[in-house]
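Asks: A predicted structure for the sequence below; I have some questions about it.
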Amino acid sequence: MYEKLIREANEETLRYITRRHFLLDCVTGLGAAAMGSFLLGCGSSSKQQPAITGDPMAPRPPHFPGRAKSVIYLHMAGAPSQLELFDYKPELQKLHNQLCPQSLLEGKRFAFIRGVPKMLGPQAVFAQHGESRAWVSDHLPHFATMADEVSFLKAVQTDQFNHGPAQLLMQTGSARLGRPSIGSWVTYGLGSENSNLPGFVVLTSGGKTPDAGKSVWGSGFLPSVYQGVQCRTKGEPVLYLSDPDGMNRDMRKQTINAINEINRKEYEAFGDPETLARIAQYELAYKMQISVPDVMNINNEPEYIHEMYGTQPGRESFANNCLLARKLVEKGVRFVQLYDWGWDSHGTDENLAIDYGFRNKCREIDRPIAALLQDLKQRGLLDETLVVWGGEFGRTPMQENRDGKDTPFLGRDHHVEAFTMWMAGAGIKKGFSWGETDEIGYSAVKGKVAINDIHATILQQLGFDHEKLTYQFQGRPFRLTDVGGKVISPIIS
Amino acid sequence: MNLLLAATSGNWSLFLGRIHPLIVHLPIGILIIAFVLALAARSSRHTALKAALPLLLLAAFLSAVCSCVAGYLLSLDGGYDETLLDTHFYLGIAVAVISLVLYLLVKTSRLPRLHLPLFGVTLLLVSAAGHYGGSLTHGDDYLTQAMPPALQRLAGHKTAVATAAAYTTISDARVYEDLITPVLTTRCYGCHNAQKLKGGLRLETIALIRQGGEHGPVLKDSMPEESELYKRLILSENDEHRMPPKGKPQLSPQELELLYWWIAQGAPSGKTVKELGKTPRIQAVLAAMEPAAPMDHNEFVPEGNASAASGKSIQALEAKGVKVMPVATGSNYVSVSCINAAAFSDADMPLLHAIKDQLIWLDLSQTKITDAALPAIGQLQRLTRLELKQTAITGSNTAALNTCKELRYLNLAGSRLQATALAALQQNKKLQQLYLYQSGTDATAIRQLQQQLPKLKIDTGGYHLEKLASDTLIYKKAPAM
């Protein structure tokens, strides 16, 4: 039993020591010792890495004064159709039911479309809203009233057409496993403002967690104290947090004190930051026994707030999660990540049909999102909270023909070349739209935005230079935007 | 030597000359090993090594002569700084001569006490010759450029200050000074500078550019296609006149456009972008060079920096659970949040006065403070953001906040205010945002304040969303008949 644990711990340590370290130690060991004494003050890469000593969640200042204190990220897992919501394409209507021209298919690969599909006109009625004259479809009547608060990004591009990798790319900056999520980077950079709550909270709705699994809120190679804490809206908010029968809170406190004392000695002996993470987690868990049930309880909210969001306490719903997101941000939680599952409108069944299930999903998010923006605004929180909305990719202007056959309902396949996201609050322009697609919404034409540009912009608003927020791992500094990323300055006010 | 020259005219002389950098290392190596052996031979156990010295020194002498000849041939190609070249030339010859002297002395075992000192002189000469040779080929700042800053200071070398864009908008940029010079610096100076005058051409200043090189002027005003300075850049890559030569870093298409435009405009200096005529092509290039607005600008942070707050006063606050944080890395301005200090009360206010020069963002929401705290807040005169959400404040004395002249953001949401609370705020002329959600203020007071401060954004909240029939609609496929 113990042998296995010790072996695991040793293997974990080995992950951090690479061939490069070995060579470096051999070559420079002595030389560096001699040089170091008279080259004091030389720029070294360790400067950029916040030294984590003591409490890893202690608040830390950003690189420059940030506009955002918190982020609420609304991820529509499955990828909603931009062509039925924001990207109005009357030309596509004219091509409805015609065969897709070869020029759009040559050299392209789709997840399910085979052969020559038909074009599918927009299945929604569009109108312009607000002073910004933003196009929003009748699927989102409430959100349309808030169009003047947001900046649309109409030409976002990704390079992953399957949900899992695309969600990983969207949330961690890499389509492969092992990188920290945006929320982890943010809490690593800023710590947590509220010492009784986690800095990074995850809320899911729609009946399923995202296809990419919990890695989308994982901490990757960052110390695991920075991973997202998933809170449930039904039953106990955090599993296994309450005291078991027969154990009172004092006894629990003594247990935790004893364990932490042992861990502290362990840390003094080995200096592994993971031990500090564990101590912090025990302490936080103890405090969360009181603070989490309180903040996760929406019963105390006044009736008109429930009406505004369309919340139903006790149920798992996107509306409840939106209200919780506001409460959490109000309590100083840095990063609130919402996932809503069920947007994969292929047309293979009624729930996944553009003309049925998709419209019902729109109903489920429309009111809560509009209410969230209004509620943040009236509390003065929208000025310091960045709200991001989007899926992991977009949907094709063609109707899906899975394996060359017509689907029973109207549906669209995964599309990587252009889709819409929006951001609001915290220094983002109000009532603005950036980027354009061609006349049928197939390709991005102007103002293209890459996924790591989104990340760079989120970090920018929090006060970080995305090129400098790094973590040393396996011999090189890593960052959320890896080797890319450009702040989308046109949408910053 | 004449014979040799005659036989190797044309390409032969250049070819042999270019072997100089190769064979020049032979005498260096041989002299060093000879010196080491001479040292070792002083000990009685290695006296046998002495026998090797004459042979080594002869080899050093012969290879030094060969290096000198090759070096001379290389110098005929021209384009080197004359003084540097002369120094290197004579130092090289000196090395050859002294090797010969040393050889003769060692061979004949004369003046044995002079051998080691002479060896030392030889090595010094070799080092000096090598250094100047390096400066000739790589430029005299080759080493210092790559030096770590600490070592540069040690060596007494002035560190170059990294210059950010000297202009805030591209139309204010000076064309020659801000746009053309950086291109020439990175792409051309390497060979066309005071030390390494390739083609007799120097490009460091506008006067030197106009002077031209040994083949005449490189600029024909307003005619880029006729000017060597542009013409050579667009020759085929394999053309021997192509600049920069094959293998050297090339100009980007944008840099070419810039240079073309500048020459077409008469190659002026001291003119800004907006003073010159622009073609659509150059406009696209210039637009891409527009410097981004400073990304770290934040209207809630004063310019400059404050003095550092005392650690003791911060610790006193932190002991109460109050969070004191710099607003950014390296800034002494701090934000204070009581999110973890719900017990913070009027009595604790003096703790904040200790950091009043640094405190610019203050969040006292959901604490136990009352109206009695407002005069104390009034003393925090650098505040730009103040959050007093859900407190017992009624605003009976909001005039106390008038001394906070820098206040731009005030959030009173959830604090039940008296009707008179707003009137005094009209003295806070810089106030931009005021949040009054659930503060119970009446519409007349808000209207009056708005009239006094027309630019102030007042948000009283209480938004609601209409009830729509479609809200509860569930879309379902009609069951088949």
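Replies: That came through, no problem.
Asks: so what secondary structure elements neighbour the helix or strand hosting residue B:283?
Replies: Counting by DSSP states H and E, the element that carries residue B:283 is helix B:280-289. Here helix B:280-289 touches helix B:253-264, going by 3 or more Cβ pairs under 8 Å, 6 or more residues apart in numbering or on different chains; DSSP states H and E. All C-beta atoms are positioned from the backbone trio N, CA, C, and that covers glycine.
Asks: Return the set of buried residues in the helix it packs on.
Replies: The neighbour-count check on helix B:253-264 (16 or more other Cβ atoms under 10 Å in any protein chain shown) flags B:255-264 as buried.
Asks: ok and the residue in the stretch 351-481 of chain B nearest chain A?
Replies: Across the stretch 351-481 of chain B, no residue is closer to chain A than residue B:461, which sits at 2.8 Å (Cβ to the nearest Cβ).
Asks: does that residue really touch residue B:440, like I thought?
Replies: No. Between residue B:461 and residue B:440 there is no contact under Cβ atoms under 8 Å: 11.7 Å.
Asks: neighbour count winner among the two?
Replies: Legend: neighbour count by other Cβ atoms under 10 Å in any protein chain shown for residue B:461 and residue B:440, higher for residue B:461 (17 against 13).
Asks: which ones are touching the more buried one?
Replies: A:377-379, B:413, B:435-438 (Cβ atoms under 8 Å, 6 or more residues apart in numbering or on different chains).
Asks: For it, grab phi and psi.
Replies: Per-residue torsions, residue B:461: phi 70, psi -150 (degrees, to the nearest 10).
Asks: Repeat that for the one 3 residues further on.
Replies: Here is the backbone geometry of residue B:464 (degrees, to the nearest 10): phi -140, psi 160.
Asks: Need the nearest residue in space to it, chain neighbours excluded.
Replies: Of all residues not flanking residue B:464 in the chain, residue A:308 sits nearest, at 6.1 Å (Cβ to Cβ, 6 or more residues apart in numbering or on different chains).
Asks: distance of the one you found from residue A:383?
Replies: Separation of residue A:308 from residue A:383 (Cβ to Cβ, to the nearest Å): 20 Å.
Asks: same thing with residue A:87?
Replies: For residue A:87, the distance to residue A:383 - Cβ to Cβ - is 28 Å.
Asks: more crowded one of those two?
Replies: Applying other Cβ under 10 Å to residue A:87 and residue A:383 shows that residue A:87 carries more neighbours, namely 27 against 21.
Asks: need the next SSE after the lowest-mean-pLDDT helix or strand in chain B, C-terminal direction.
Replies: Between all helices and strands in chain B, the lowest mean by mean pLDDT, DSSP states H and E belongs to helix B:2-7, at a mean of 44. Counting by DSSP H and E, the element after helix B:2-7 in chain order, helix or strand, is helix B:11-17.
Asks: Give the buried residues for that following helix.
Replies: Buried residues in helix B:11-17, counted by 16+ other Cβ under 10 Å: B:13, B:16-17.
Asks: likewise stretch A:466-480?
Replies: Buried residues in stretch A:466-480, counting neighbours by 16+ other Cβ under 10 Å, are found at A:466, A:469-471, A:473, A:478-480.
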